[in-house]
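Participant: I would like the atomic coordinates for the input below:
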Amino acid sequence: MAGGNMMNRVLTYLVNELLVNGLANSPAFQRFAVRTSKRIEDVSTMAVKKRQELAEQMKDLSKNFEHPKHEISCSVPLCI
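Facilitator: Numbering: from 1, shown residues only. Predicted coordinates:
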């Protein structure tokens, strides 16, 4: 059993080395990696902006709930 485990480790190491070296030297994979990285950065930036916008909206919404009588009395047309 120990020989099988050792053989598996050697095979895994060789396959890993071939894949890593092959991808590291591939211009197509490098372009893919750069484009993917750029898109992830863009999505992260958009997420931060949206989070800030939502926080601002929640802040405004909470201000409206702090004074509900004023909002209701002003918006109901039958109130004098």
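Participant: the helix or strand hosting Phe65: which residues count as buried?
Facilitator: Per DSSP states H and E, Phe65 falls inside helix 27-66. By neighbour count on 16 or more other CB atoms under 10 Å, the buried set for helix 27-66 is empty. From N, CA and C alone the C-beta is placed, and that goes for glycine too.
Participant: any idea of the mean pLDDT for that helix?
Facilitator: Averaging pLDDT along helix 27-66 yields 93.
Participant: and if you look at stretch 10-19?
Facilitator: Per-residue pLDDT over stretch 10-19 has a mean of 93.
Participant: mind listing what's buried in it?
Facilitator: Under 16+ other CB under 10 Å, stretch 10-19 has no buried positions.
Participant: identify the residues contacting that stretch?
Facilitator: Residues outside stretch 10-19 that contact it (CB atoms under 8 Å, 6 or more residues apart in numbering): none.
Participant: 20 is where my numbering starts, stick with that
Facilitator: With the count now opening at 20, the last piece we talked about shows up as stretch 29-38.
Participant: I'd like the distance from the helix holding Phe84 to the chain centre, please.
Facilitator: 7 Å (CA atoms, centre = their mean, to the nearest Å).
Participant: stretch 74-87 too?
Facilitator: Worked out by CA atoms, centre = their mean, stretch 74-87 lies 27 Å from the chain centre.
Participant: for the helix holding Phe84, packing partners?
Facilitator: Packed against helix 46-85 by the contact rule (3 or more CB pairs under 8 Å, 6 or more residues apart in numbering; DSSP states H and E) you find no helix or strand.
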